[in-house]
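Asker: From the sequence below, what's the structure:
(one chain, ligands or ions: 2)
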Amino acid sequence: MTKQVSITRRLEFDAGHRIPSHGGQCRNLHGHRYQLELTLSGQVLHSEGASDDGMILDFGDVKTLAHEHLVSKWDHAFLIYRGDTALLNFLNSMDNHKTFVLDDIPTVENLAQAAFAMLAPVFRDCFGHQLYLSRLVLYETPNCWAEVTMQAPRTVQD
Ligand SMILES: Nc1nc2c(c(=O)[nH]1)N=C([C@H](O)[C@H](O)COP(=O)(O)OP(=O)(O)OP(=O)(O)O)CN2
Ligand SMILES: [Zn+2]
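Answerer: Residues are numbered from 1 along each chain as shown. Ligands and ions are numbered 1, 2, ... in the order given. Okay, the predicted model is just below:
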């Protein structure tokens, strides 16, 4: 059996959303402080004297990349389904409103999948390290979350 090593970095951001078809409270405009956990799996670098010796990827680089490719786009934005047209038209009528349009309703399941699609290519073998995004967990509240996992690509398994 092959040993697998992983690291996890947690990030947080605030965003607004609504689930337009929801039968309960969630159809109302509201927001969450989302918590994101990114787990990266791969080879631990052995390069004596290098800044990232002994690491899969420097936690600082995980944060920088996640911020650039996801958190900066979603933090303090309203995450809206493109089919939620009345609200989308209203948000578009506001000067410089930060709105992020999604192809699916912004449930935590769909947001986690969208985040995974945005981040997986960013971390795949980044900086020439053999690594990949193996798990993403998105907490909508302390009690509610969704998780996306991915098996090792062949190059990392072998
Ligand atoms: N499967 C899903 N169910 C619900 C989602 C979702 O994205 N996926 N979203 C919501 C609401 O938007 C909200 O995020 C959760 O609200 P709630 O159930 O009230 O969660 P709390 O943690 O605040 O509940 P407490 O009972 O106060 O702990 C609803 N459902
Ligand atoms: Zn919500």
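
Asker: interface residues of this structure facing ligand 1?
Answerer: 19, 26, 107, 108, 109, 140, 141, 143, 144 (Cβ under 6 Å from any ligand atom). (Glycine included, C-beta is placed from N, CA and C.)

Asker: can you pull the buried residues of the host helix or strand of residue 89?
Answerer: Using DSSP states H and E, residue 89 sits in helix 85-92. Residues of helix 85-92 classed as buried: 88, 91 (neighbour count, 16 or more other Cβ atoms under 10 Å).

Asker: contacting residues around it?
Answerer: Residues outside helix 85-92 that contact it (Cβ atoms under 8 Å, 6 or more residues apart in numbering): 18, 20, 29, 78, 80, 82, 97, 99, 101.

Asker: Tell me how many other residues surround the first one.
Answerer: Other residues near residue 18 come to 21 when the count uses other Cβ atoms under 10 Å.

Asker: Can you tell me the closest non-neighbouring residue to it?
Answerer: Among residues not flanking residue 18 along the chain, residue 29 sits closest, at 5.1 Å (Cβ to Cβ, 6 or more residues apart in numbering).
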